[in-house]
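In: sharing a model prediction with you, sequence too.
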Amino acid sequence: MIQTANLLNPPPAGSLSERVVAQIAGFIHDGTLVPGQKLPPEAEIVRQQGVSRTVVREAISRMQAMGLVVTLHGIGSFVSEGADHAARDIELGEPGVAHDLLALLELRIGLETEAAALAAQRRTTADLAELQRALDDFARETSADGDGIDPDFRFHLALARAAGNRYFLQILTSLGSGAIPRSRWRIDEREFEPHQYLIRVHTEHEDILSAIRRADPDAARAAVRNHLSNGRERMRRAAEQRAAKDTQPQ
């Protein structure tokens, strides 16, 4: 029998819920956890990981979306059949490699523009509340000089969830917060001013949420394309500046 203390060792870096997901996914992938096996109770995961119940519930929700676990109300969460395949997340390139980050943004433009259009048609009151919560958390964190990566990713996860198609959510969940370029590319003030950049990101998120709230699919699609295309352009310019600097004589 697997001991809970061994199952829930300190996880890798990332947002709190992603750490829990990565740890459990790793045990599913290597066969330590097998299909049909019950996960430790929520309270036990909270105790072992040193996180809140909210974090654990978000992690369980993400694993459900990824097809890793199924949850039976009043009984618990169990490893899904075929979870060993679902645990093989999309592999991201090396941090700081510009062409990989640009390629990832191209993927997200194709994926999230359509997700946004569907979200505008299918969103629920709960979806709108979650999008607003992530937006408010982003503003709060960046106002306190934080990087806002976690609420930024939660905003995009909430958008994918609001689309009402689990595959959008599965793909974005598999990418993890590494889908947010600044999580793998350190912002250099000589490339663009960080504070103004984060204000722009927040404004673009507001435009997305406004279109989804108005149930306007075309506007939602356009708002996401504008947001991610702006990110791609900022990334491209920054990469060119770094490349030019690296080729200058010392």
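Out: Looks like it arrived, so ask away.

In: which stretches of the chain form helices?
Out: Here the chain has its helices, by DSSP state H, at 4-7, 16-29, 42-49, 53-66, 83-86, 98-122, 125-143, 149-162, 166-175, 194-213, 217-247.

In: could you export those as JSON lines, including distance to Arg182?
Out: C-beta coordinates here come from the backbone N, C-alpha and C atoms, glycine included. Shown next, in JSON lines, are the helices of the chain (distance: least, CB to CB, whole Å):
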{"stretch": "helix 4-7", "distance to Arg182": "32"}
{"stretch": "helix 16-29", "distance to Arg182": "16"}
{"stretch": "helix 42-49", "distance to Arg182": "26"}
{"stretch": "helix 53-66", "distance to Arg182": "21"}
{"stretch": "helix 83-86", "distance to Arg182": "28"}
{"stretch": "helix 98-122", "distance to Arg182": "10"}
{"stretch": "helix 125-143", "distance to Arg182": "11"}
{"stretch": "helix 149-162", "distance to Arg182": "7"}
{"stretch": "helix 166-175", "distance to Arg182": "14"}
{"stretch": "helix 194-213", "distance to Arg182": "8"}
{"stretch": "helix 217-247", "distance to Arg182": "9"}
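
In: looking at this structure, which helix or strand is least sure?
Out: Sorting the helices and strands of the chain by mean pLDDT, DSSP states H and E puts helix 4-7 at the bottom, at a mean of 41.

In: looking at the helices of the chain, which is buried most?
Out: Most buried of these, by mean neighbour count (mean count of other CB atoms under 10 Å): helix 149-162, with a mean of 24.

In: packing partners of that helix?
Out: helix 98-122, helix 125-143, helix 166-175, helix 194-213 (3 or more CB pairs under 8 Å, 6 or more residues apart in numbering; DSSP states H and E).

In: how about 10 Å then?
Out: Under the contact criterion of 3 or more CB pairs under 10 Å, 6 or more residues apart in numbering; DSSP states H and E, helix 149-162 touches helix 16-29, helix 53-66, helix 98-122, helix 125-143, helix 166-175, helix 194-213, helix 217-247.

In: any chance of those in TSV with distance to Phe155 and mean pLDDT as columns?
Out: What follows is those, written out as TSV (distance: least, CB to CB, whole Å; pLDDT from 0 to 100):
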stretch	distance to Phe155	mean pLDDT
helix 16-29	14	76
helix 53-66	13	80
helix 98-122	11	92
helix 125-143	4	94
helix 166-175	11	83
helix 194-213	6	93
helix 217-247	10	84
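
In: of these, which is nearest His73?
Out: helix 53-66 (12.4 Å; CB to CB).

In: domain-wise, how is this protein divided?
Out: 4-86, 98-247 (automatic domain parsing).

In: centre of the chain to the last one, how far?
Out: Spelled out, it's domain 98-247. Computed by CA atoms, centre = their mean, to the nearest Å, the chain-centroid distance of domain 98-247 equals 9 Å.

In: could you number the chain from 5 rather than 1 from now on?
Out: Understood, numbering begins at 5; the last thing we discussed is domain 102-251.

In: state the distance from Arg144 to Leu135.
Out: 15 Å (CB to CB, to the nearest Å).

In: and what of Ser233?
Out: 20 Å.

In: once you drop chain neighbours, what's closest to Leu161?
Out: For Leu161, ignoring the flanking residues on the chain, the nearest one in space by CB to CB, 6 or more residues apart in numbering is Leu176 at 6.0 Å.

In: tell me who's in contact with the one you found.
Out: Shown in contact with Leu176 (CB atoms under 10 Å, 6 or more residues apart in numbering): 66, 69, 94, 112, 115-116, 119, 157, 160-161, 163-165, 183.
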